[in-house]
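Peer 1: The sequence and its predicted three-dimensional model are supplied below.
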Amino acid sequence: MKTTLVIMAAGLGSRFGSGIKQLAKVGPSGEIIMDYSIYDAVQAGFDKVVFIIRRDIKDAFDEIIGNRIKKFVETDYVYQELTALPAGFTCPEDRKKPWGTGHAVLSCLGKVNEPFLVINADDFYGRHPYKSIHDFLVNSEGNKAKYCMAGFSMGNTLSDNGKVTRGVCSVDENGFLTGVEETYDLYLDGNEVVGATYEGAEVRVAPNTPVSMNMWGFTPDFLGALEGRFADFLKENINQPKAEYLLPGVVGDMLKNGEATVKVLPTDAKWFGVTYAEDKPKVIDSIAALVKAGEYPSKLF
């Protein structure tokens, strides 16, 4: 059965300064984080890659990654555009940022017709969760609304250089997701991780609390669910310039309504990424250590 890796890379990268953070070179042969994500996914059994990008960085993507990767795995592009809205809606002039991860994945409608894994472009996840999600999707062939996600420990996903946003998860005794709440400005404070809800209420959780790193496994029917809910989101938020249509919110709504199940696949993998420019040296050193340990070749592709 065909399975696809979908990489969300349409973010503005404002916290990375003037450069495009998704294209920062971090490997010993000039690899970017996406190279390692694609390598791990292909090794796990995924056989197609779809990049979600902005049109204005298409040439940069082709030069730095697309032209190389398409020699090794089937690739395609979709574009997240501010003006890609349902009939009856017009993008406000003061809207500058994309509409969020849910809108990004919705860009795949009509392009992705098989089970797929969604990841962020600038996150290094480790090889284990790719294999576990691929196997779940293959074993779920023919099932609808039976999704999965990689459940990272909160403490393994924090940045040393600033606060982060994570989807804090609630999981039942059978390992199924019961809820996920987007939580902002998270940082380690002693033996707790402190953050805030969207409304500003303080959140304190243990470092081993499972979180979503936007590493989701979906069957293709999820794209229809995204499409159906997007118009409802816009009715309430079209004039809110910072409102975002996010994957955790959509999944949480489906769980609340009994429309889907999400199996949380635990992983002890340690996340790292380039949320901030200051993260880059640590990423380079971490990948160099993995190469030295024989986990990756010195040149991936």
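Peer 2: On my side now, so go ahead. Numbering: from 1, shown residues only.
Peer 1: Check for me that Glu93 belongs to a strand.
Peer 2: No - going by DSSP: H, G, I helix; E, B strand; the rest coil, the assignment for Glu93 is coil, not a strand.
Peer 1: which residues touch it?
Peer 2: Residues counted as contacts of Glu93 (Cβ atoms under 8 Å, 6 or more residues apart in numbering): none. Bear in mind the C-beta positions are built from the backbone N, C-alpha and C, glycine included.
Peer 1: And it, how close does it get to Thr83?
Peer 2: Relative to Thr83, Glu93 is positioned 11 Å away (Cβ to Cβ, to the nearest Å).
Peer 1: go on, Thr183?
Peer 2: 30 Å.
Peer 1: Check Gly190 too.
Peer 2: As defined by Cβ to Cβ, Gly190 lies at a distance of 46 Å from Thr83.
Peer 1: So Thr183 and Thr83 - more neighbours on which side?
Peer 2: Thr183 (24 against 8; other Cβ atoms under 10 Å).
Peer 1: Could you tell me the model confidence score at that one?
Peer 2: As predicted, Thr183 sits at a pLDDT of 92.
Peer 1: Please verify my assumption that it contacts Glu199.
Peer 2: No - with contact defined as Cβ atoms under 8 Å, Thr183 does not reach Glu199; the gap is 11.2 Å.
Peer 1: Need the distance between the two termini of stretch 65-72.
Peer 2: 11 Å (Cα to Cα, to the nearest Å).
Peer 1: which residues of the chain fall in strands?
Peer 2: Along the chain, the segments classed as strands by DSSP state E run 4-8, 48-53, 74-79, 116-120, 123-124, 146-153, 164-171, 177-189, 192-196, 202-205, 210-218, 261-267, 272-273.
Peer 1: mind putting those in a markdown table, distance to Pro248 included?
Peer 2: What follows is the strands of the chain, written out as a markdown table (distance: least, Cβ to Cβ, whole Å):
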| stretch | distance to Pro248 |
| --- | --- |
| strand 4-8 | 13 |
| strand 48-53 | 17 |
| strand 74-79 | 21 |
| strand 116-120 | 12 |
| strand 123-124 | 15 |
| strand 146-153 | 9 |
| strand 164-171 | 4 |
| strand 177-189 | 4 |
| strand 192-196 | 14 |
| strand 202-205 | 14 |
| strand 210-218 | 6 |
| strand 261-267 | 10 |
| strand 272-273 | 18 |
